[in-house]
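Peer 1: Sharing a model prediction with you, sequence too.
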Amino acid sequence: MLRCLAPRQLLSTLPLASWRVTAAVATRERERQQLLQQLRALPAAQLRRSGGGSGPSAAATLVGTAPRALQPYLRLMRLDKPIGTWLLYLPCTWSIGLAAEPGCLPDISMLTLFGTGAILMRGAGCTINDMWDKDIDRKVARTENRPIAAGEISRSQAFVFLGGQLSLALAVLLCLNYYRLINSNKCFQR
């Protein structure tokens with residue numbers, strides 16, 4: 001029966017140059033520990049700003065250039081972090097593309113409706129999450145600067161904003177024709 005060896009055990013079984021490999025592994029481990037210590041020393045806000053890339057994303061720039069009164073609401077929707085919206089929107093575009101006639105481009109009005117719906121519904125989800133987790137967000141370094149936790153927006157303002165997002169999302173839904181609404185409901189009537 002074969003037994004799997006841990007990497008360090010495997011390295012120690014090598015006759016030659018095993019000390020070199022072990023030294024290299026130890027050096028890498030020290031470097032990794034030093035880097036982790038440096039990252040822990042940085043404030044959370046500085047880590048968020050860096051984002052791992054060369055600069056702020058286009059979405060973060062858009063939120064940053066919006067009027068000051070509007071910025072907390074855009075950050076509440078997480079419009080500066082668009083990955084969640086893309087995760088909602090891309091399956092929609094894929095299915096709309098598959099539903100298009102062969103050789104034809106997808107319907108641009110459908111792509112627009114689903115894109116708007118993805119932005120609004122993701123924003124509504126982030127808003128209700130921040131409303132529920134207000135007290136927890138204040139205690140966590142990663143979330144302490146969110147608009148509700150930081151006190152930039154009150155719970156009542158967030159509730160009105162949530163109602164607006166959900167109303168606009170309903171308007172998007174009602175822009176779909178009646179046939180589509182009825183057929184999408186048949187899945188749940190089994």
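Peer 2: Yep, it's here. Numbers count the residues shown, from 1 in each chain.

Peer 1: Backbone torsions only: list them for Ala100.
Peer 2: When quoted as degrees, to the nearest 10, the phi and psi of Ala100 stand at phi -70, psi 150.

Peer 1: okay, now it: neighbour count?
Peer 2: For Ala100, the count of nearby residues is 13 (other CB atoms under 10 Å). C-beta here means a position set from N, CA and C on the backbone, and glycine is covered the same way.

Peer 1: measure it to Pro147 for me?
Peer 2: Look at Ala100 and Pro147: by CB to CB, to the nearest Å, they are 39 Å apart.

Peer 1: same check, this time on Ser154
Peer 2: Taking CB to CB, one finds Ser154 at 10 Å from Pro147.

Peer 1: So between those two, which is more surrounded?
Peer 2: A count of neighbours by other CB under 10 Å puts Pro147 above the other of Ser154 and Pro147, at 22 against 11.

Peer 1: Run through the residues that contact that one.
Peer 2: Taking CB atoms under 8 Å, 6 or more residues apart in numbering as the criterion, Pro147 is in contact with 72-73, 75-76, 130, 153, 158.

Peer 1: repeat for Arg146
Peer 2: Listed by CB under 8 Å, 6+ apart, the contact partners of Arg146 are 75-76, 130, 137.

Peer 1: Filter those residues down to the buried ones.
Peer 2: Neighbour counting over the contacts of Arg146 (16 or more other CB atoms under 10 Å) leaves 75-76, 130, 137 as the buried ones.

Peer 1: Widest-spaced pair of those residues?
Peer 2: Taking CB to CB as the measure, those span a maximum distance of 12.5 Å, between Arg75 and Asp137.

Peer 1: ranges for the strands of this protein?
Peer 2: Using DSSP state E, the chain contains no strands.

Peer 1: Quick check, Thr93 in contact with Pro106.
Peer 2: Yes. Checked against CB atoms under 8 Å, the pair Thr93 and Pro106 is within contact range at 7.2 Å.
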